[in-house]
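1. need coordinates for the following:
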Amino acid sequence: MSMTKASMCRLVKGCDLNHHGTLFAGRGAEWFVEAGFITAASVTAPERTVCAKIHGMVFTRPVKKGSIVRAESQIVLAGKTSLTVYVKLVIHPQDEFVVDGFLTFVNVDAAGRPTPHGITVTADTPEEEALQVRARTILSAGGALKNNKVGG
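-> Take a look at the predicted model:
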């Protein structure tokens, strides 16, 4: 299958702010993981999808109250039981880059054990091929998820 893509928007409200009056990194990370989960679970099933690893996030700018943050996500790699998703957060509608990174999700059975999902992913554009190269580089540097117990 081609790379499955999704997007969602969030309004930055007062309850999302840190002590500096800008988007709390923890809330941004929550939105980051949620966007990745929605994309991965859209091709497996929410009850069978767990987040196994966040492969780094570096925020490049503060985000002010009242901003609209758009999360763009897409599946870039598929292992036997895992899916690697690329997520990018931007300030909408200017597309000002905030953060990006990769997450690995694992397909599990009812007992929580990794189970094959039967999904393959193909890149259709040079941009998608570049994301696959980035993901493979990050995954090889961070080690594979093998024989690990999967948490929620």
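2. how about the helices in this structure?
-> Per DSSP state H, the chain carries helices over the ranges 25-41, 126-142.
3. could you check how far residue 56 is from residue 25?
-> Between residue 56 and residue 25 the distance is 13 Å, computed by C-beta to C-beta, to the nearest Å. Using the backbone N, CA and C atoms, a C-beta is placed for each residue, glycine as well.
4. oh sorry, the question was meant for residue 115
-> 33 Å.
5. follow-up on the earlier one: let me know which of the helices of the chain is tucked in deepest.
-> Across the helices of the chain, averaging neighbours per residue (mean count of other C-beta atoms under 10 Å) puts helix 25-41 on top, at a mean of 20.
6. residues in contact with that one?
-> Identification of contacts with helix 25-41 by C-beta atoms under 8 Å, 6 or more residues apart in numbering yields 4-8, 10, 16, 18, 46, 48-49, 51, 54, 57, 59, 63, 69, 71-75, 83, 85, 87, 89, 98-99, 101, 103, 105.
7. can you flag the buried ones in those?
-> Taking 16 or more other C-beta atoms under 10 Å as the criterion, what is buried in those is 4, 6, 10, 16, 48-49, 51, 57, 59, 63, 69, 71-75, 83, 85, 87, 89, 98-99, 101, 103, 105.
8. which ones among these map onto strands?
-> 6, 10, 49, 51, 69, 71-75, 83, 85, 87, 89, 98-99, 101, 103, 105 (DSSP state E).
9. just give me the residue closest to the centre of the chain.
-> Geometric centre of the chain, nearest residue: residue 36, 3.2 Å, by C-alpha atoms, centre = their mean.
10. who are the neighbours in contact with residue 12?
-> The contact partners of residue 12, by C-beta under 8 Å, 6+ apart, come to 23, 63-69.
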